[in-house]
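Engineer: what would the 3D arrangement of this be:
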Amino acid sequence: MKARGSGGRVRGVVGLAILPLLVLVSCRSIPPVSPVEAARIPAAFEATLPGSFNTQQTLLFEFRPYWWWPTIRMTALGYATVNRKTGDYAVVCLSPLGVKIFDVACTNGVAVTRMTFPVPGDRGAAGKAISDDIGNLYFNLVPPPDAVAERKDSRVIYRQSRNRFEFDATSGRLVRKVVWNGDVKSTVEYGGYRQEPVGVYPASMTLENSRYRYRLLIQTLKFQ
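Structural biologist: Okay, the predicted model is just below:
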């Protein structure tokens, strides 16, 4: 019994001796992002992106017209044609029965949105929010040059005002983006990047809009 008790005291003393070392390691400051690395990560990522493409996607569309309204969920097929060089895009979202949920087209900087689901308040403002969000999915995938970079855990984060771009520090790919348009906050998450013939493309995207309480979960089926 005494031997076991002594061993326990020894282990306790050793544990107390190691604890400060663990605290020092865990509190070690994270290395800052050098200006060279801060510029390199977005540039290298942008160089891998396709200039223009067509995709076929599956979507889960979640929407709450009002804060007290139950969430409406619709599964859909999505078709997107995107030209990142000109800024033009067209996206249509159809129910499994072929009923159009919404479509967005942008040509020469002018976006037009048509939607069949009910929205509270100004439908024109809601349509603009959807077109802005669709644009956020496919464009502005790198931070502006004046964004401030910092390292946090396994990510390199670029901040400009309230906007934020988060890159995986290992792969150098965009994993999360937060964009504000006035008082409307839109968050986009990207995952499962894969190499396609014309460039790198995320297999999944999730978009959330705080103002209009809708959420899009997108899985890419085909890429052209």
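Engineer: tell me where this structure has helices.
Structural biologist: For the chain, helices defined by DSSP state H occupy the ranges 2-26, 35-48, 123-138.
Engineer: start and end of stretch 60-69, how far apart?
Structural biologist: Taking C-alpha to C-alpha, to the nearest Å, stretch 60-69 runs 18 Å from one end to the other.
Engineer: mean confidence for that stretch?
Structural biologist: Here stretch 60-69 scores 78 as its mean pLDDT.
Engineer: determine how far that stretch lies from the middle of the whole chain.
Structural biologist: Offset of stretch 60-69 from its chain centre (C-alpha atoms, centre = their mean, to the nearest Å): 20 Å.
Engineer: count the neighbours of S161 for me.
Structural biologist: 9 (other C-beta atoms under 10 Å). Where C-beta positions appear, they are placed from N, C-alpha and C, glycine not excepted.
Engineer: least reliable of the helices of the chain going by mean pLDDT?
Structural biologist: helix 2-26 (a mean of 43).
Engineer: from A149, how far off is the residue nearest the centre of the chain?
Structural biologist: The residue lying closest to the centre of the chain (C-alpha atoms, centre = their mean) is E189, at 2.1 Å. The gap separating E189 from A149 is 20 Å, by C-beta to C-beta, to the nearest Å.
Engineer: quick revisit: hey, what's the closest residue in space to the residue nearest to the centre of the chain that isn't next to it in sequence bridged with?
Structural biologist: Leaving aside its chain neighbours, E189 sits nearest to T206 (4.5 Å; criterion: C-beta to C-beta, 6 or more residues apart in numbering). Beta-bridge partners for T206, by DSSP bridges, are E189, L217.
Engineer: neighbours of T206, just the number please.
Structural biologist: For T206, using other C-beta under 10 Å, the count is 16.
Engineer: also G192?
Structural biologist: Count around G192 with other C-beta under 10 Å applied: 11.
Engineer: for the one 10 residues further on, same thing?
Structural biologist: The burial count assigned to P202 is 20, neighbours taken as other C-beta under 10 Å.
Engineer: hang on, isn't it packed against Y190?
Structural biologist: Yes. Counting by C-beta atoms under 8 Å, P202 touches Y190, with 4.1 Å between them.
Engineer: quick one on the thing from earlier: roughly how far does the residue nearest to E189 sit from Q219?
Structural biologist: 10 Å.
Engineer: now K177
Structural biologist: Relative to Q219, and taking C-beta to C-beta, K177 is found at 18 Å.
Engineer: the more surrounded of those two?
Structural biologist: Legend: neighbour count by other C-beta under 10 Å for K177 and Q219, higher for K177 (23 against 14).
Engineer: does L174 touch Y158 like I think?
Structural biologist: No. Contact criterion C-beta under 8 Å: L174 and Y158 do not qualify, at 9.8 Å.
Engineer: what do these two both touch?
Structural biologist: Shared contacts of L174 and Y158 (C-beta atoms under 8 Å, 6 or more residues apart in numbering): 165-167.
Engineer: between those residues, which sits nearest P32?
Structural biologist: Nearest to P32 among the shared contacts of L174 and Y158 is F167, at 15.3 Å by C-beta to C-beta.
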